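> predicted model and sequence below, questions to follow.
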Amino acid sequence: MSFELTWEPRGVYRRYWGDVSMAERRRSLELICADPRFDDLHYVITSYLDVDSCDISPAANKEIAALHIGPSRTNPRIRIAAVVTDARIIQSIAHFIGLEMTSLPYCIFPSVATAREWVSRASGPAANRSHRL
């Protein structure tokens, strides 16, 4: 597995590393959504900083975006923060956001610290839907 999940009081921190397959992306999402803490989740921070390669094809993005539809309706208060500096992954996340399969706020940050600032300031889905800082 090229990921780890760290549950926090109001969220989960997911860290990917190495070569990340679509199966691992799917599995990490399944583990988050199946966890009993999911209903109380306010944020997911995902770090891609240690990723060497990642399945970021348009088909993979469509699949993972579709898998977000149900969970986003079950818990619409979740905010998603991606921590990434790799231009290819940033472009892939922008594609994911552009698919508009979920209305969850989704932002891209260059560091975990800035992502944490954003999720700590956020109070709900009415704040900015998506942007890149």
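Yep, it's here.
> which regions of this protein lie under the pLDDT threshold?
By pLDDT under 70, the low-scoring segments of the chain are 123-133.
> so where's the longest strand in it?
For the chain, the strand with the greatest residue count under DSSP state E is strand 43-54.
> ok, then the element right after that one?
Using DSSP states H and E, the helix or strand that follows strand 43-54 in sequence is helix 58-74.
> touching that next one from outside, list them.
By CB atoms under 8 Å, 6 or more residues apart in numbering, the surrounding residues in contact with helix 58-74 are 22, 25-26, 29, 32-33, 38-39, 78, 92, 95-96, 99, 101-104. To be clear about C-beta, it is placed using only N, CA and C from the backbone, and glycine gets the same treatment.
> how far does it sit from the chain's center?
11 Å (CA atoms, centre = their mean, to the nearest Å).
> ok so, going back, next, the angle from the longest strand of the chain to helix 58-74.
Interaxial angle of strand 43-54 relative to helix 58-74 (axes from the mean of the first three to the mean of the last three CA atoms, to 10 degrees): 170 degrees.
> give the other helices and strands that strand 43-54 contacts.
strand 11-20, strand 79-83, helix 87-98, helix 112-121 (3 or more CB pairs under 8 Å, 6 or more residues apart in numbering; DSSP states H and E).
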